[in-house]
Structures are given as C-alpha cells and as structure tokens.
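Enquirer: Mind folding the following:
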Amino acid sequence: MSNLFKLFDVSGSALSAQSVRLNAVASNMANAQTVSGTAEGAYRAQHPIFASVLEGVGANANTHSVQVSGILESTAPPVAEYAPHHPLADPDGYIYKPNVNVVEEMANMISASRSYENNVEVMNTTKQLLLRTLQLGQQ
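Expert: Just a heads-up that it's a prediction; the model follows:
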C-alpha cells in the first residue's frame, strides 16, 4: 500500500517538470517574433533538462522522481534578416530574429500537455485504488 502513496510523489514531480516545460514553450512562442539589433541580443530558445532522481536507500532504492536539472539555452545562431529601414537594424542593415522554430514548439507543447494529462490520470487511478482498498477493509 505504501507503494501506491509513492506514485503520488512520482506523478507530482512529473507534473511539476511538465509545468516547467510548458512554461518554457510558452516563453519561446511568445518571443518567436521579437527582433534585436544584434545577434547577441536576440532571444534564444530555452529547453528544460530533466533528470531522474533515485530516492531511498536499500529496499526503498527503487523510488524515482523527476526533477528539472536546468534550463538549456539554444546555441543555434539567430536568424539574420536584411531590413535596412527597420529602426533596430545594425549598421549593415540586418535585424536578428530568435532561433525559435514555432512548429517544434507546438509539438513540444502537445507532448508536454499530454504527459501532464497522463500523470494526472495516474494520480486519479492511484486515488481510486487506495479508496477501493480502504473499502475492502470496511466489509
């Protein structure tokens, strides 16, 4: 029965991680059309890095959780666009747009939201199993 309670911890950590992922996707999409006058000043896509964490010692060493170990900033170069009349254009006439691929971000958003939904379902199923187990003890 205690293993069922551990599922709440695992699913809860996964919900938290997917929430960070959804926030990163939202930030990337919100900044997808921003413009900068320098390549260094252009927004860079951000992606969370997940890590599986082994918890416990001895007999309980099989419990895992998910944590966000960091946010990785994309190293892909920004997109340079020739726009000499733009107010932010550099002396050569270029503006710089983020290296955000909106199609990839949409796929990430769908994947993260489905993972989130799956973990909510795991928590609901675990709750139902615990309630049924308690009902067995009442009979």
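
Enquirer: For this protein, just list every one of the helices.
Expert: Listed in chain order, the helices of the chain (DSSP state H) span 2-30, 102-138.

Enquirer: Any idea which of those helices gets closest to residue 46?
Expert: helix 2-30 (5.0 Å; Cβ to Cβ). Any C-beta I mention is one placed from the backbone N, CA and C, and that applies to glycine too.

Enquirer: Now do the buried residues in that closest one.
Expert: 6-7, 10-11, 13-18, 21-22, 24-25, 27-29 (16 or more other Cβ atoms under 10 Å).

Enquirer: any chance of the helices of the chain in a markdown table, plus distance to residue 52 and mean pLDDT?
Expert: Output for those, formatted as a markdown table (distance: least, Cβ to Cβ, whole Å; pLDDT from 0 to 100):
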| stretch | distance to residue 52 | mean pLDDT |
| --- | --- | --- |
| helix 2-30 | 10 | 88 |
| helix 102-138 | 14 | 90 |
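
Enquirer: now the ones you listed in CSV, with distance to residue 66?
Expert: Converted to CSV, these look like this (distance: least, Cβ to Cβ, whole Å):
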stretch, distance to residue 66
helix 2-30, 5
helix 102-138, 9
